[in-house]
Every structure is written in structure tokens, then in C-alpha cells.
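1. Pasting a predicted model and its sequence here:
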Amino acid sequence: MDPQADSPVSFLPHLEAKIRQTHNLARLLTKYAEQLLEEYVQQQGDPFGLPGFSPPRLSLAGLSGPSPSHMGLPLSERLRQDAAALDALPGLLDAVRRRQAELNPSSPRLLRNLEDAARQARALGVAVETVLAALGSAARGPGPEPAATTALSTANNAAGIFSAKVLGLHVCGLYGEWVNRTEGDLSQLVPGDVA
Amino acid sequence: MSESRVAEFGFFTKDRTACFRLTAPHTAMGAYSWWKEPSWMVDSKRRRMTPNWPWLLSALTLLQVNAVQAHSLKRGSAQDLKCTTKNMQVWDCTWTAPVGVSPGTVKEVCIKDRLNSCHRLESTNIKIAALSPGDHEVAINYLNGFQSKFTLNENDVSLIPDTPESLDLSADFSTSTLHLRWNDRGSAFPYPCNATWEIKVLQNPSMELVKLVSFNTTLSGRDIVHHWNWTSDLPLQCATHSVGIRWYIDYNRFSGYKVWSDWSPLKNVSWTPNSETNVFPQDKVILAGSDITFCCVSQTKVLSGQIGKTFCPLIHLYGENVAIHIRNISVSENSGTNVVFTTEDNVYGTVVFAGYPPDIPQKLNCETHDFKEIICSWNPGRPTGLVGPRNTDYTLSESISGKSVPFKRFETLTNESYRLAFQMLPGQEIHNFTLTGRNPLGHAESAVFINITERVAPHVPVSLRVKDISSTVVTLSWHLPGNFAKINLLCQVEICKASSEREVRNATIKGAEESSYLVAVDKLNPYTLYTFRVRCSTETFWKWSKWSNEKRHLTTEAIPSRGPDTWREWSSDGKNLIIYWKPLPINEANGKILSYNVSCSSNEETQSLSEILDPQHRAEIQLEKSDYIISVVAKNSAGSSPPSKIASMEIPNDDIIVEQAVGMGKRIFLSWHPDPNMTCDYVIKWCNSSRSEPCLMDWIKVPSNSTKTVIESDQFQPGVRYNFYLYGCTNQGYQLLRSIIGYIEELAPIVAPNFTVEDTSADSILVKWEDIPVEELRGFLRGYLFYFQKGERDTPKTRTFETGHSDIKLKNITDISQKTLRIADLQGKTSYHLVLRAYTHGGLGPEKSMFVVTKENSVGLIIAILIPVAVAVIVGVVTSILCYRKREWIKETFYPDIPNPENCKALQFQKSICEGSSALKTLEMNPCTPNNVEVLESRSIVPKIEDTEIISPVAERPGESSEADPENHVVVSYCPPIIEEEIANPAADEVGGTSQVVYIDVQSMYQPQAKPEEEQGIDPGVVAAYKPQMRLPINSAVEDFAAAEDEADKTAGYRPQANVNTWNLVSPDSPRSTDSNSEIVSFGSPCSINSRQFLIPPKDEDSPKSNGGGWSFTNFFQNKPND
């Protein structure tokens, strides 16, 4: 298989199964991400969740949303970016969960969803890396703690609660976007599931 | 205005220093004293003059002017001398040189009453040590020899302290609080001395005064640094704030003027913006219901500000900075209330947490379960609305031991339990606990002082065991965790019989450490299932522990306490005695009954039956009907009961009255009068009344002191009659005392009484009915309801009796022995609907109904008959008389002489025949001269006279008719009398021709016939005379029938006019049955129109003999309307 090609080709059965499994996981997490964002917004109080309330996106060093040029990259590069983002997201989600544990200690559902999201993002990232490795394209190895996590932790502690809420909203949104993008990228590898 | 007015007179300067005056009277100075009071007398606002004060001021001013004028006259030209002091130790005096004298020509100043009192100087200013109280003469000598004298007094000196200098002004921007520090320099003043400070806060850039506060301190002779904090409503980040301070000294030994110092130089506090935070205050916790101001520092235009979803009006500060003010903020949700400012390119926000300080902990309760730890619990009271780091922290402190325990909160628990465990110290019984709750908005505490030995709530007892001692005594043991060695335990044992009452017994036990405890429980019943459970407290009762788990235990057996209740019945043939006994109740059986021994004894012998095993409770012994004593003994594993005895024979009692009783539900209540002769007991037996004797459903035994009982049995059924027999027991045996029939519940009868009509007259009906069988009555018969109303069968009105209908007449027959009823005042010849129903207290039974027609009034009938007959007779007699007397005239008029037929040659009778027999004359068609001949000519075929039965006998002779012209001519000749009648022939009319028919008078041949069925409704008088049958209305059915019978009619001569099948038409004259269950049957007697004979059908036994309308002879002879 030429990983540069963006069209699905025939894989070995076990690789195909792995891709399909990873794709299914990404598709499932897409729904979970929507639920997480909905639950998060609901617990932050007004005007979070109100129509017209759209705080500007905050930049997290080391992690940003999928760029519009993402689709123009080769598939393997896109998957590498997906894996890198999914690798950074668990730490961010954990930081959000810790802050929410102070703000909403009596909302176990939100805390559980954040915890699950971190675990699922980690699992999806590992799965994508496995696919990349199977395809012969080395993924970026596990490095030090992503700068985004550090930045967020610092921001969480130093900035006000409102900024922390906005950051959490941003992280939850990023989680959904990257999971969605990963699902889209994987779909191009799934035989018979080309968009 | 007041200052300017005073300045006109030169007494005061604008800085309120006192102007020197020449020996001004004290009274005048005293009058001015209020005016010279410093501004510390008021707080932040200057005192304003009341409306009366200008008048007073004018008066005093006038007085002062007069005084000055007086001094001027005395001392010459006036020159001002004014003195001030900063510390009341040195006075600083200045004056104005006299006119024409240069200030530099001053030579010396001398104070008259002081040593070395002259001070050389060359200016008009001198600092002198403070003078003692009182007037001092001061002389100022000039070089030119000019001298000015003044009188100087402390009262005229103004105390003006130095301007205070603030050491430090800082700001806590997180709390918007300013901190000011300054030194009071108290070492420079005599002490104690009161100082009044005034601090002002100005808000830039407009320098608006936002705070002015004053307060007092005491100078203690040394320098003290003072602090002042102030929290701004507007976050300090949003505007620069400036602070100034001044003071005023009030020393009571200084009688001069006290004047405010100058304001200190303003010190500013400003905030350096950073790029991250733009909205203030950040994450503040405030009291719910308070007001708060949020501001936004922005370089761009702020479009909106909102709290939650509510937008607020913007307050513009300076630049692009804005603020919003929130009043009465409500309690925040868990994550706080968001405050958001929106600019053109960004959104800034902060979160505020509005809540309450901790409520005072309520119901603080400290107790121990085991003397190892003390558990304190409380109710936090009003929720604070704050969670997470802002939630209330509780700390439990014990003051005697000095130990404290923090409360660890589990936020994830929904139902938070506010409990703290405090480890007990050995030997400490008295504890003074203080529970303190603290959150960012405040703190609250609650205390409790306890002796822990009085606050013991033991743990639940465990390991409860039961051990048998005897059939009535057991021991209970259980374990109670805890160290109770120093106290006594008070325990309760709950004893519960199965489905019975509960009994609680107390036991005091010496406490021990981690021990088991044992108590004996006596007075139990043998062979009884008990449920035990235990709980404990202490002698100094505080709380019971929870009940232990229940322990069920069956005590051992004992012999039955008495013999079973016994009864006997002789069999129907009197040869066998059947003995019954009741199983002993469990509390008297004292065990499981295994068998019974039954024996019969008389004077001669004793007969014992073999052992009868439980659960058989009946035995039969073949005995002669004589006196025996029956004995029954119950046996269990522990032994035999005392015997129960009963005599085989009853004591006769002939004075028995049968009574009635009705029960409720499944029970019936019986009572009786006490009978002192009944020494043993009473027995009540009962059976179904429909059963044959002897019958015994069941029986009960009632103590002899009872006079009532309630009998309850599942076998009882509503609507069934039972017989109850009450027996009383004497030493000689049982005697029947009462016999009662009763129902558990009365029901309505299920059948209607069978009733018949015994007699009917024109105005009454006699009804008779029969009894309803007991089984179908289903209750005590209380009476009958008899309804009747006019009506005929199948009319809607009479199908059902509607209650309240005015036509319905109702008779309630409460005399149940009455079996007949005569209904009077009825109308004759009228149909009545009769209904009879029986009723009990259970309700009305079904109804039985009947229709009866009353007879016609016989007198009227007789009159109706006799009058026409009499009239007819009279008319006949008169007619006969008249005819007789006018017979000649009649003869000539109606019967003129008839020509002798013998003279007619055409009609020549054979003489021999005519002469031989006058009755036998033959009409011969010989040529003769007829008296009258009618020749009828028809243009068509001669119509058959099908619609008439009257045909000329001459024309119907077949033989002769064949000889005559059968088609066109009919020539009729006959012997007189001849009646001619011309009628219209409908058939002939239809063809446009006419025919003439000659009828023979047939009245002599036929009797008047009955009305045809179709005309039965017509007045009989209308059809009294004979009518030709062809004129009867012929319906289609008759036409059809006539057509079908056409051929037969042509030749048969005589024929019935109708099919007999049509006789079943109802004739109004026909009597009919009125029985509701019978069909309407017509037995009218249609007579053969031809034969005019009545055809009486066979008698219908079921048919009533009354008719429904009109009268006839058949009705006349009928006397039973129904049977």
C-alpha cells in the first residue's frame, strides 16, 4: 500500500480489521464528544450554551484545531497529526476535569464523561498510531508532556474561573473536532467506506 | 456666608484662627464658642445652620460690635494679635504694627507677670512658651517709643496640629481594599489626648469624593502607627483612587480653639493592566442579596455587559472602561454566576459566587456508642450555596483536651452526612465541644457541653441466642460491643407471640467490656412460638440502641390445661350418640394434641372407645337412649388433659319461642338474658334450616357468665336461613333455651309470588296468591307490593311499572299472613295490568304480572237490551194495529187485484198439475200475455255475478239456464210478489253499459248475518238490515281469493264466502285471554255467509273468556276474565 495515496486499497485481513475497528471507535467517540460538549456547556451556567455566545478560540501551545488545509495533506500525515492531537488531548481533558471537580463537585456525570473522554482519546490515539505503524508510517513517538497541557494547567491555576471555563469549552470542542477529523481520515482507509 | 459676615468685623480669618481682641468680655466669647467649633463635630458633612440661627448670630454680632467700640475708646487704636499653637507648649503670636510704625522698629515684647518677660526682637512675630491660664498683659515697645498693650489669654489661642503624614497607602486589588498607615506623633502632645482623624478617598480622574470617614483615637504620649482599611465598591483596577488625611486634637486642659489640621498631600493607588484579565473583581465570593459592581478595562469599545443571561446597562467610567452594577444578586449555581463583557472582537468575563455564610450548626449532638469514640452530628442549617473550595469547612474542637478534628467532606455524596468522630481520651467524661463552620463569607459555631456517660447510645446487640430452661422459662444471651465496664446497662427484651400482642420486659445488667449478656425470661406459655429481640441503653438513659435481629423460639410442651369443649347429638334413629369436640386452642393445648380418649359411663357401666387420633373430632357410640356421661380427654406428648364431661340427654323445655335474627357480614349477633340456673356454660349450635333434622353445622361454647355472643362462620351464606339453638348447661345437663331462625344477610326473593284472579266484577278484582318457599324467599318476608294500572298487553305503557307514574296504584301489604286482595273501584269492561312482588329487607323480588279485564256493568247492559226490545215491540204493535185498521187501504194501494193468470194464454198452467197441488207449479214458457216482461239486453258477454252471492234461483238452475239464451237475454218471470230493484253494476259501469237485475226478496230465506270481520268496528246498527254481499268492500285479499275460487263458484251454487283460514281475524266481540303468558287467540264465530250458521271453534283452555271491547251474548254469559 502506498500511504501517500488517499484511496482505499486492499489490506491484509488483520490490518483491515484493525482499521475498521479504529474507525468504529472514532465514530463512536464522535457521538460521545457531542454528549460531552453538551454536558459541559450545561454545567457552566449562562451564557454558556446560549445562542450567540461564542467566546473567541483560545490558542493552546502545541495543540490547535484541525486547520482547513488538513484535508490537503497526505493521508499518512493527516493521521500523524490526528495521533499527535489525540496524544495531547487526555492531559488537557484531565486538567479540565480537575477544575470542574472544584466548580461542579456535585455533577458526577460531567466528571465521569471528562474522565472517559481522556481515556478514550488516549485509546484512539494509540489505535491510530498502531494503524500508522502497520502501514509503515512511523508515528511521532511519545514525547514529554505536551506543551498544551502545561499551558492549560498554568492557565487553570493563574487565570480566573471564567477563563478556565472558556478553556474547558475549547478543549471539549477540540476533542470533538479531532475525533471527528480522525474518523474522517480513517474512513478513507476503510474499504468500501469512501466518503 | 457666616464666615464672610464675621470677616467684615475682623474677628476671624478664613482659616478659622482666632483673631486677637482687646479684653473681650468672656460672655461675648462664650457666645461665640459654638461658631468656633471645629468641623470634627460633624462627620463627613458640614453642619448646616438651622433657620433660627441667623437671627441669633445677628444679635450676638451686634453685642460684639458694641464691646469693641468700648475698648477702642479705652485703649486707643486697635492692633491685631493672634496666637496659634501646634502642640500647646509653644505659642506662635503675630500682630500688626500700628499705623505709621514700621514692623522692623519693634524693640521688645514684655509680658508683665513673668520673670525675664521681655523678649527683644525686630519683627511682629514671636514664639513664646505657653502661658498659664488667665489674662496676661503684653506690652510691645517700639524703637520710636510707641507702645502697644494687649491682654493675652489661652482661650484666644488656636490649636492647629501639624498636617499628618501618611506612611503608606497600599491596595489589595483582589479585594478592592485600600490600606492606609500613618503615625499620630503622639509623643509631641500631652496625654491622654483625644485625636479625631478624617480620611477622604477621591476617585480619579474626576476627583470625586467617594468616601469621607472620621474616627477618634487617643494620643498616649508616644508615636503610634494607625491603620485604616477601606473596600471600594468599584474594583480598584477600574479607576485610580487618591487618599488624604487630616486631624484635630481635643485636649481638655487646653481652653483655646481646636482647629483641623491641613489635609495631607494626596496619595494615589492605580492598577497596571495586564493582558489576561480585564474584568474585575475576579472570582469573588459575595453575600447573596448584596450589591456588586463589575468593571471591564478595555482598550476597545465594550458593546454589552451581562450577568448570566441578563444584560445590564453599562456605566462608563473613563476611556473605554465600563462597569455594571448588580443589585440584590441571587444565589449562584455551583459553578458560579458568569459576568460577561462583550467587545467588538472579544469576550471578557469573570465569575462571581453569591452565597451565604455558614448557618449556625443546628442540633449539634455528641454521643458515644461504645465509649471509644464520640460521634458528633449536626444539621448545617441553611445551605450556603457555595461548593468546592468555597464550601463550609467544619472543625470540631474540644476545649478541655484541646483536640480538634476537621470535617472531611465528600463532595460526590449527594446526601451529605454531617458527622464527626472524636476519639475519647481515657478517663475524660466531661467534654466541651465547639463546632465551627467557616467559608469565605463568614463563620458560625455551636457548642455543647456533655458528660459522656449520660450520652450513651449503645450499638445494636448482636448474636442473640435463646435456650430452654423449662416449658415456661428460657434464657436470652447477646453480645454488645463496647466498653461499658463503668456503667449499668438497661436492656429491654421484646417477647412476641405469633400474631399476638407484644410484651416488653426490662432488665438491668452490670456493664462489662466487650462482653456478652444473659437474662432469663419466664412466664412463657408452653409450646408457643415466640419471637425475641433485645435493645439496650444505660441506666442514665439517653437513647435506646436499635433492636437486635429477631430470634424465633418454640417453647417445650406441657400437658393440656383443660379438656376439649364437647357436644353430642343423637342420631335420627335415636340409636347412636354422636359426640363432637372442639380442638383445644394452642394456648390450652400446651403442645401438639396427638389423640383423644372418649368414654361413656352410666350407673351400670363404662364404655370406652379406642384412642381417636387428631384431627378427628367426632365419635359415634351405639347406645340406648338413656342417661350417660360422656367424657373426652385430649393427650399430647406431655400428658393428658383433665376430662370434659357432658350428659347424653337434654333437659326438656316446652316453653320455646322461635325468634328471628339477622346478622351482618359473616357474623350474627345473639344475646340472651342471664339465667342463674345455668352454672356451666352455654352452647349454641346452628344448622341450615333446609336440612333435615337432626342437623348440625357447627356449635360453640360460651361461658356461663356471658349473655351474648357473635357467631361467625365462613360457611354462612347470605340469603340462607339458619336455625340457631341456645342451650344452657346445668348440673343435670343441657337444656334448650331459645330457638332462633336467622339470616346472615337478607336478600331479595328470587321468585315472584304465584297469584291468580279469583273473581272479577265490573268494578273489582279479587286476587289470591301463594307463599314463596323459604329457599326462594332468602330473607324474612316483610310484605308484598301490589301494583295495578289500566292497560292492555303489549302496550308500552304497561310493559313496566314506572315508579311515580300517576296512573299506577300501589298497595303495600305488610300483613304477610294476608293471601288475598280485592281491588275495588275499578272501571267496568277495562283491562288492568296487575303486578305482585314480594319483598324482604334484602329488597324487592321479581314481579309477576297479569292482565285482567273487568266485566261490563250488568245494569247498563240490561237497560241497553230492554229499551230497544220494548221500542221494537211497541212499534210492532202500533204498526200491526195500523195495518189492521187500514188493511183495505193498504190492500188497494199496495196489493191491488192481480189478474188471473188463467186468463193468460201464454202462461198456461196445466190445470191438472196446478189444480192438483198449488205448491207445485211449473213456469212454462208457453205463449202467453205477460203482465210485465222485462227484456235485458247486454252488448257484451253477460257479466258473471261474482261479487254477489245473491243469484236468482231461477237463473241458477243449470238445466233451465242451458235452455234459455245464456249469453244475451235473461228473461225472468215469476210469481208475485216481485220486487224490482235497479242497481249499478260496477263491472258493467266499467264497460259503459248498464244491466238490470231483478232480485228476489230473499229476506225470508236468510237470517241477518254477522258482521264480516272487516266491519266489526262499525256500529252494529248500520248493518242491521240485509245487505247484498256484492256491496261489501272487497279487499285485495278477498279478490285474490275470489279469483282463485272462480271456477268452483260457477258451478257450486252454494259456497262459503271465505276461507276458514281467515277466521283467525280478531273480532272485537271475541273474548280473549288476558293472561300475560298466553297468546292472543281469536275464537270469534265466523258464520258461514251462505249457511248462516255459527261455526264455534273448539274451546281454547288457555284463552281468557273476556273480550276486549263491545258486547255480545258470549260476553254476557262469560263470568271469568281469566283463568
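-> Looks like it came in fine. Residues are numbered from 1 along each chain as shown, chains lettered A, B, ... in the order given.

2. interface residues of chain A facing chain B?
-> Residues of chain A found near chain B, taking CB under 8 Å from any CB of the partner chain as the criterion, are A:43-48, A:50, A:53-56, A:100-108, A:158-163, A:165-166. For the C-beta atoms, the positions are set from N, CA and C on the backbone; glycine is no exception.

3. ok, now with 10 Å
-> Remark: the part of chain A in contact with chain B comprises A:43-50, A:52-56, A:99-108, A:110-111, A:155, A:158-166, using CB under 10 Å from any CB of the partner chain.

4. So among the residues you listed, which ones count as buried?
-> Neighbour counting over the residues of chain A next to chain B (16 or more other CB atoms under 10 Å in any protein chain shown) leaves A:43-49, A:53, A:55, A:99-105, A:107, A:110-111, A:155, A:159-166 as the buried ones.

5. Tell me which of these fall in helices.
-> Here DSSP state H is the test, and these give A:43, A:99-103, A:110-111, A:155, A:161-166 as lying in helices.

6. least confident pick among the residues you listed?
-> Across the set of these, A:A155 stands lowest in pLDDT, at 54.

7. List the buried residues in stretch B:483-503.
-> Within stretch B:483-503, the residues that count as buried by 16+ other CB under 10 Å are B:483-484, B:487, B:489-497.

8. quick one: which of these is nearest to B:P192?
-> For these, the residue nearest B:P192 by CB to CB is B:I487; the value is 60.3 Å.

9. Quickly note the distance from the residue of chain A found nearest chain B to A:L37.
-> In chain A, the residue that lies nearest chain B is A:P105 (3.3 Å; CB to the nearest CB). When CB to CB, to the nearest Å is the yardstick, A:P105 and A:L37 sit 21 Å from each other.

10. Please apply the same query to A:Q81.
-> Computed with CB to CB, the distance linking A:Q81 and A:L37 is 21 Å.

11. list the contacts for the spatially closest residue to B:K575 that is not a sequence neighbour?
-> The spatially closest residue to B:K575, leaving aside those adjacent along the chain, is B:Q622, at 6.1 Å (CB to CB, 6 or more residues apart in numbering or on different chains). With contact taken as CB atoms under 10 Å, 6 or more residues apart in numbering or on different chains, B:Q622 is in contact with B:571, B:575-577, B:607.

12. repeat for B:T730
-> B:647, B:651, B:675, B:677-680, B:704.

13. could you redo the last one with a cut-off of 6 Å?
-> B:T730 is in contact with B:677, B:679, counting by CB atoms under 6 Å, 6 or more residues apart in numbering or on different chains.

14. How about B:D654?
-> In this structure, B:D654 makes contact with no residue, judged by CB under 6 Å, 6+ apart.

15. Where does it sit: helix, strand or coil?
-> Secondary structure, DSSP: H, G, I helix; E, B strand; the rest coil: B:D654 is coil.

16. CA atoms only: put stretch B:164-175 into PDB for me.
-> This file holds the C-alpha atoms of stretch B:164-175, laid out as PDB (Å, rounded to 0.1, in the frame of the first residue of the first chain):
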ATOM      1  CA  PRO B 164      -0.500  64.400  59.300                       C
ATOM      2  CA  GLU B 165       1.800  62.400  57.100                       C
ATOM      3  CA  SER B 166       0.600  59.100  55.900                       C
ATOM      4  CA  LEU B 167       3.300  56.500  56.000                       C
ATOM      5  CA  ASP B 168       2.000  54.100  53.400                       C
ATOM      6  CA  LEU B 169      -1.000  53.700  51.100                       C
ATOM      7  CA  SER B 170      -1.400  50.200  49.500                       C
ATOM      8  CA  ALA B 171      -4.200  48.400  47.700                       C
ATOM      9  CA  ASP B 172      -5.400  44.800  47.600                       C
ATOM     10  CA  PHE B 173      -6.800  44.600  44.200                       C
ATOM     11  CA  SER B 174      -8.200  41.200  44.600                       C
ATOM     12  CA  THR B 175     -10.500  42.500  47.300                       C
END
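
17. Where does pLDDT dip in the stretch 301-450 of chain B?
-> B:410-416 (pLDDT under 70).

18. Would you mind naming what in it lies close to chain A?
-> For the stretch 301-450 of chain B, the residues found near chain A under the criterion CB under 6 Å from any CB of the partner chain are B:308-309, B:333-335, B:338, B:340, B:346-347, B:349-351, B:387-389, B:411-412.

19. taking those one by one, which sit in strands?
-> Secondary structure defined by DSSP state E assigns B:338, B:340, B:347, B:349-351 of these to strands.

20. what does stretch A:41-58 contact?
-> Residues outside stretch A:41-58 that contact it (CB under 6 Å, 6+ apart) are A:104, A:107, A:110, A:165-167, A:170, B:308-309, B:333, B:335, B:338, B:340, B:346-347.

21. ok, which pair from those residues is furthest apart?
-> Taking CB to CB as the measure, the contacts of stretch A:41-58 span a maximum distance of 28.2 Å, between A:S107 and B:N346.

22. So B:K112 sits against B:E137, correct?
-> Yes - when contacts are counted by CB atoms under 6 Å, B:K112 is listed as touching B:E137 (4.1 Å).

23. Does the residue minimising distance to the centre of chain A belong to a helix, a strand or coil?
-> With the centre of chain A defined as its mean C-alpha position, the nearest residue by CA atoms, centre = their mean is A:Y175, 3.4 Å away. Of the three states, A:Y175 takes helix according to three-state DSSP.
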